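Novice: Next come a sequence and a model predicted from it.
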Amino acid sequence: MKILGFSGGVKIGNQDSAAALVLDGELVAAAEEERFLGIKFANGRLPRRAAEFCLRHAGLTMRDIDTVVFAGATYDDFEAILERFLVFQFGYAPRVVLADHHASHAASTYFGSGWDESLVLTMDRSGDRQATTISVGKDGQLQPLLNYGRENSLGLYYSAVTQFLGFESDSDEYKVMGMAAYGKPTYDLSHVLEVTDEGYRFHCDFIRGVQDGKPGPSKQERLFDSFPLPVAPRIPGSPITQAHFDVAASAQHQLEQAVLQLVRRQVQATGIRRVCVAGGVGLNCLLNQRLREADFVDEVYAPPVCSDAGLALGAAYLQSAEQGDRPVSLPHAYWGPEFSNEMIREVLDRAKLQYTETPDPAAAAVERIAANKIIGWFQGRMEYGPRALGNRSILASPRQADMKDRINKRVKFRDEFRPFAPSLLAPDLETYFHHAAVSPYMTQTFTAREALEQSAPATVHADGTSRPQSVFAETNPEFARLIRLFGEQTGVPVVLNTSLNAYNDPIACEPHQALRSFFATGMDSLIMGNFVLDKSN
């Protein structure tokens, strides 16, 4: 069956619009609408451009699709909205069905893992009136165990803390996670997020628009009138104090305790010790580390698209299974557009740029990285999900600790407390990390060994953790070769890796977007396909 999954929506609160094409149970193309629009999160959009790409990549038209499935079972009159959208944009509407939001999250991680049996944990702000669910995935089926409604939302809890600390909800939660490393959990938040025998309870009386059923506030307003903490809320843009770092650490600690208790009880009840996670809270890689290291958990799987962009994949998986196909596990995250050397050359010539051509892009990159240059790396198919995994990346040497500050200041224009990730070959994980496990999508943190702290300090966060990407030659041979060559030349087979974009822009998808990031920032070089651009001083 040919199934096209959609996420997103038509209201301003709908974000992470994406499309995923699954043929006979196997993903063949997926992309997020923001990458084509150049607008972060693509709020209030359905994935027209992403769907066009998926169809074009597979050599199909909308008339070839058996079913379009959208993750939003409780959306009013949405089948009719989607049919009108499809007829208007593509000239034809296949069969349209709606799938449950959290069931789609669960499918994206369970089927993506390839495991026969696991607990499946989904956590976000809310979707189809639910905020947290636990299911058992077994033999290709998902059996719900429990769910928490919006009034018990872990995502809403973390969003409120995000706003309290002066950042934007549904956008900057990762900043709170980064801040936590610089603080101590000195504030007791059990009166806000209570750990119970069965899991947790969010005391959300102070949150607007939850208990009374009225619409929630816009992003320009706080979710709360008063936050039950003995610290004043931080005004956006004002200095960050140690008290703010301690609030972040306290909020992170309480989240971890609540989720650990929730999973502990379900492991005790089912005897299942593998855990798949998804939903926006599943992007909390510190939480995923705590789960993985818990003595009642054997393994944790967090897919590359825990966010709502992953709903497109999950909904397509669900519908594919319902139509009799067995969804195929996810081998990698490279499902987006790619561009030939001829296409890249056309863009460079149109922009009247000077460039050189190399037969060996990886060697050209290593030469510059080893010389402490910051380079853009644009190769192959774009990643699906929020992390750059070696195809749309900014790369640098991790050997000097100040490289983190240089990139934050000159290239990313972001908070100085934000860390960067190391990319390394999978066989080297044990050398550099305690309790090492395969983590190809940068969705889990690990405690760094002394070897990483000494040889690649720019990739070790203040709490001694890193969020590594384990790279496999089978799924990304050119990036794996780059890392190997860098190791041979420097003795450190690790590169610093962050996304190819500047602050508040989506990750670059097309060559002209990569050029914009290159010339608008302090990157030294850009390597796109076989072409090299170098800036002079």
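Specialist: Looks like it came in fine. Just so it is clear, the structure is predicted and the values come from calculations on it, not from any experiment.

Novice: all contacts plus neighbour counts: C-alpha atoms, from now on.
Specialist: Noted.

Novice: Give me the nearest residue to residue 375, chain neighbours excluded.
Specialist: Leaving aside its chain neighbours, residue 375 sits nearest to residue 525 (4.6 Å; criterion: Cα to Cα, 6 or more residues apart in numbering).

Novice: Could you list everything that neighbour pairs with in the sheet?
Specialist: residue 375, residue 534 (DSSP bridges).

Novice: So what's the residue count around it?
Specialist: 22 (other Cα atoms under 10 Å).

Novice: ok, now which ones touch residue 392?
Specialist: By Cα atoms under 8 Å, 6 or more residues apart in numbering, the residues touching residue 392 are 376, 377, 378, 379, 382, 383, 499, 500, 507, 508, 509.

Novice: Domain ranges for this structure, per the record?
Specialist: What the record gives for the chain is the domain set 2-99, 123-301, 341-534, from automatic domain parsing.

Novice: can I get those domains in TSV with distance to residue 316 and mean pLDDT?
Specialist: Formatted as TSV, the domains of the chain follow (distance: least, Cα to Cα, whole Å; pLDDT from 0 to 100):
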stretch	distance to residue 316	mean pLDDT
domain 2-99	5	97
domain 123-301	14	94
domain 341-534	15	97
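
Novice: Nearest to residue 329, out of those domains?
Specialist: domain 2-99 (7.8 Å; Cα to Cα).

Novice: distance between the ends of that closest one?
Specialist: For domain 2-99, the first-to-last residue distance is 16 Å (Cα to Cα, to the nearest Å).

Novice: With stretch 519-535 instead?
Specialist: OK, stretch 519-535 end separation, Cα to Cα: 9 Å.

Novice: ditto for stretch 270-287
Specialist: The first and last residues of stretch 270-287 sit 22 Å apart, counting by Cα to Cα.

Novice: again with stretch 227-240
Specialist: 18 Å.

Novice: For that stretch, what is the distance to the chain centroid?
Specialist: Here stretch 227-240 is found 27 Å from its chain centre; the criterion is Cα atoms, centre = their mean, to the nearest Å.

Novice: got the buried residues for that stretch?
Specialist: 227, 234 (16 or more other Cα atoms under 10 Å).

Novice: Repeat that for stretch 415-435.
Specialist: For stretch 415-435, by 16+ other Cα under 10 Å, it's 417-426, 429, 432-433.

Novice: Looking at this protein, which strand is longest?
Specialist: For the chain, the longest strand by residue count, based on DSSP state E, is strand 117-127.

Novice: what lines up beside that one in the sheet?
Specialist: Using DSSP bridges, the strands paired with strand 117-127 are strand 130-138 (antiparallel), strand 274-278 (parallel).

Novice: Check what contacts the shortest one and list those residues.
Specialist: Read that as strand 274-278. 105-106, 108-110, 113, 117-123, 297-303, 305-307.

Novice: from the residues you listed, which would you call buried?
Specialist: Taking 16+ other Cα under 10 Å as the criterion, what is buried in those is 105-106, 108-110, 113, 117-123, 297, 299-303, 305-307.

Novice: centroid residue for this structure?
Specialist: The residue lying closest to the centre of the chain (Cα atoms, centre = their mean) is residue 386, at 3.6 Å.

Novice: coming back round to it: and residue 320, which of the domains of the chain is closest to it?
Specialist: Across the domains of the chain, residue 320 has its closest neighbour in domain 2-99 (5.7 Å, Cα to Cα).

Novice: ok so, going back, does the residue nearest to the centre of the chain touch residue 309 like I think?
Specialist: No. Contact criterion Cα atoms under 8 Å: residue 386 and residue 309 do not qualify, at 9.0 Å.

Novice: The lengthiest helix in the chain to strand 130-138, inter-axis angle?
Specialist: Longest helix in the chain, counting residues (DSSP state H): helix 242-270. Using axes from the mean of the first three to the mean of the last three Cα atoms, to 10 degrees, one finds that helix 242-270 and strand 130-138 are set 40 degrees apart in direction.

Novice: Just the buried positions in helix 242-270, please.
Specialist: Under the neighbour-count criterion of 16+ other Cα under 10 Å, helix 242-270 has 243-264, 266-267 buried.

Novice: Output the contacting helices and strands for that helix.
Specialist: When contacts are defined as 3 or more Cα pairs under 8 Å, 6 or more residues apart in numbering; DSSP states H and E, helix 242-270 packs onto helix 154-164, helix 173-180, strand 193-195, strand 200-202, helix 285-293.

Novice: Neighbouring strands - and their directions - for the next helix or strand after the last one?
Specialist: Counting by DSSP states H and E, the element after helix 285-293 in chain order, helix or strand, is strand 299-301. When pairing is defined by DSSP bridges, strand 299-301 lines up against strand 274-278 (parallel).

Novice: Residue 53: neighbour count?
Specialist: 21.

Novice: which ones are touching residue 84?
Specialist: Counted by Cα under 8 Å, 6+ apart, residue 84 has contacts residue 93.

Novice: any idea which helix or strand carries it?
Specialist: Assigned by DSSP H and E, residue 84 belongs to helix 78-90.

Novice: Quick check: next helix or strand after that helix?
Specialist: Later in the chain than helix 78-90, the nearest helix or strand by DSSP H and E is strand 95-99.

Novice: which other residues reach that next one?
Specialist: By Cα under 8 Å, 6+ apart, the residues outside strand 95-99 that reach it are 66-73, 78-79, 82-83, 315, 318.

Novice: are any of those buried, and which?
Specialist: By neighbour count, with 16+ other Cα under 10 Å, the contacts of strand 95-99 hold 66-73, 78-79, 82-83, 315, 318 as buried.

Novice: My guess is residue 378 contacts residue 531. True?
Specialist: No. At 9.8 Å, residue 378 does not count as touching residue 531 under the criterion of Cα under 8 Å.

Novice: Among the two, which residue is more densely surrounded?
Specialist: Each of residue 378 and residue 531 has its neighbours counted (other Cα under 10 Å); residue 378 has more, 26 against 20.

Novice: ok, the more buried one - contacts?
Specialist: Contact analysis of residue 378 by Cα under 8 Å, 6+ apart lists 391, 392, 393, 511, 514, 526, 527, 528, 529.

Novice: which ones among the residues you listed are found in strands?
Specialist: Counting by DSSP E, the part of these found in strands is 392, 393, 526, 527, 528.

Novice: Could you work out the end-to-end span of stretch 68-82 for me?
Specialist: This stretch, stretch 68-82, spans 9 Å end to end (Cα to Cα).

Novice: Pull the distance from that stretch to the chain's centre.
Specialist: 24 Å.

Novice: Please apply the same query to stretch 150-169.
Specialist: Per Cα atoms, centre = their mean, the centroid offset for stretch 150-169 relative to its chain is 18 Å.

Novice: Would you mind measuring the gap between the ends of that stretch?
Specialist: End to end - Cα to Cα - stretch 150-169 spans 16 Å.

Novice: cool, and stretch 389-403?
Specialist: 19 Å.

Novice: buried set for that stretch?
Specialist: The neighbour-count check on stretch 389-403 (16+ other Cα under 10 Å) flags 389-399, 401, 403 as buried.

Novice: Equivalent analysis for stretch 165-175, please.
Specialist: Applying 16+ other Cα under 10 Å to stretch 165-175 flags 165, 166, 167, 168, 169, 170, 173, 174, 175 as buried.

Novice: Leaving out sequence neighbours, find the closest residue to the fifth one.
Specialist: Which is residue 169. Distances taken as Cα to Cα, 6+ apart place residue 159 nearest to residue 169, at 5.0 Å, with adjacent residues excluded.

Novice: dump the residue contacts of the one you found.
Specialist: By Cα under 8 Å, 6+ apart, the contact set of residue 159 is 169, 170, 173.

Novice: Return the residues in contact with the second one.
Specialist: For residue 170, the contact set (Cα under 8 Å, 6+ apart) comprises residue 159.

Novice: Repeat that for the last one.
Specialist: For residue 173, the contacting residues are 158, 159, 162, 167, taking Cα under 8 Å, 6+ apart as the criterion.

Novice: if we go to 7 Å?
Specialist: For residue 173, the contact set (Cα atoms under 7 Å, 6 or more residues apart in numbering) comprises 158, 159, 162.
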